[in-house]
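Undergrad: got a predicted model here, sequence first, then my questions.
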Amino acid sequence: MPLIRIPQVVELDALPRFDGLHLDLIITPETPEAFSQAKEELLGWPQVGFDTESKPTFKVGEVSTGPHLIQFASPEKAYLFKVGSDGCSEAVSAVLQSDRVLKVGFGLSTDRSRLRSRLGIEMRYFIDLGTTLRYQGKKGQVGLRGAVAAALGSRVSKSRSVSTSNWSNRSLTDAQRLYAANDAYAALMVFLALSGDDEGVFEDRIVAGMQLKR
């Protein structure tokens, strides 16, 4: 399958900050009705950004119990689904197994494995930009920060203290909500910027079935 080559931006700190979604556009459903509404809104888009967050593990041999949070983003809003909430699993399954909505993300191998082992959900119709994008003249996968720099000309700020925070908490901080939502949103914006009006640019990299890489 062909790879998509992008330029590597070296001076990331010189770029303007990525203008992501603000808190008023980040939705966290709490009831089955709210999850159902979020699901219907997401199913109305041709592509959505996708990511998950899990409570970090720090001890040798400790097994993750994640995902604890599942994020989706449309061009207008982000949705944070807290795993274990009433109505969450049904809504997540409907979106991830839809053949009408393309799920876009980075580094999806671990996300897929955890979704399968914990929730019994195997994702369909998705693209992993991490395995699709390469820098011009270089090997190795491209991460979210590098892709945003090349495709959008902006800088994503990644806080280690937030990324390694406890995502299993019942209530998330504003910093957690912004971090999680904009990971999914930024992935979608990269895809839309690189594909323009022609999703066929990525056609050969889209995974339609449910096979997991072992």
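TA: In hand now; what should we look at?
Undergrad: outside of the helix or strand hosting R112, which residues touch it?
TA: Here R112 is covered by helix 108-114, with elements defined by DSSP states H and E. With contact meaning CB atoms under 8 Å, 6 or more residues apart in numbering, helix 108-114 is reached by 50-52, 54, 64, 66-67, 105, 122-123, 126, 128, 130, 212-213. Where you see a C-beta, it was placed from the backbone N, CA and C, and this is true even at glycine.
Undergrad: can you go through these and name the buried ones?
TA: Neighbour-count burial (16 or more other CB atoms under 10 Å) applied to the contacts of helix 108-114 gives F50, D51, T52, S54, G66, P67, G105, E122, M123, F126, D128, G130.
Undergrad: next step: those restricted to strands.
TA: F50, D51, T52, G105, F126, D128 (DSSP state E).
Undergrad: mind putting those in CSV, distance to S157 and pLDDT included?
TA: Shown next, in CSV, are these (distance: CB to CB, whole Å; pLDDT from 0 to 100):
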residue, distance to S157, pLDDT
F50, 21, 98
D51, 16, 97
T52, 20, 97
G105, 19, 98
F126, 26, 97
D128, 23, 96
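Undergrad: I26: which of those is nearest?
TA: Using CB to CB, D51 is the member of these that lies nearest I26, at 13.1 Å.
Undergrad: contacting residues for that closest one?
TA: Per CB under 8 Å, 6+ apart, neighbours of D51: I70, Q71, G105, F106, D111, A180, D183, A184, A187.
Undergrad: try it again at 10 Å.
TA: For D51, the contacting residues are 67, 69-73, 78, 103-108, 111, 144, 180-187, by CB atoms under 10 Å, 6 or more residues apart in numbering.
Undergrad: how much space between N182 and L21?
TA: To L21, N182 is 6 Å away according to CB to CB, to the nearest Å.
Undergrad: and those two? Which one has more around it.
TA: N182 (26 against 20; other CB atoms under 10 Å).
Undergrad: wait, isn't the more buried one in contact with G20?
TA: Yes: judged on CB atoms under 10 Å, N182 makes contact with G20 at a distance of 3.6 Å.
Undergrad: please identify every residue contacting each of these two.
TA: I26, A73, A78, V148, V156, S157, M189.
Undergrad: now these: which count as buried?
TA: Applying 16+ other CB under 10 Å to these flags I26, A73, A78, V148, V156, M189 as buried.
Undergrad: one step back: between all of the contacts of helix 108-114, which two are separated the most?
TA: By the measure CB to CB, S64 and F126 form the most distant pair in these, at 20.8 Å.
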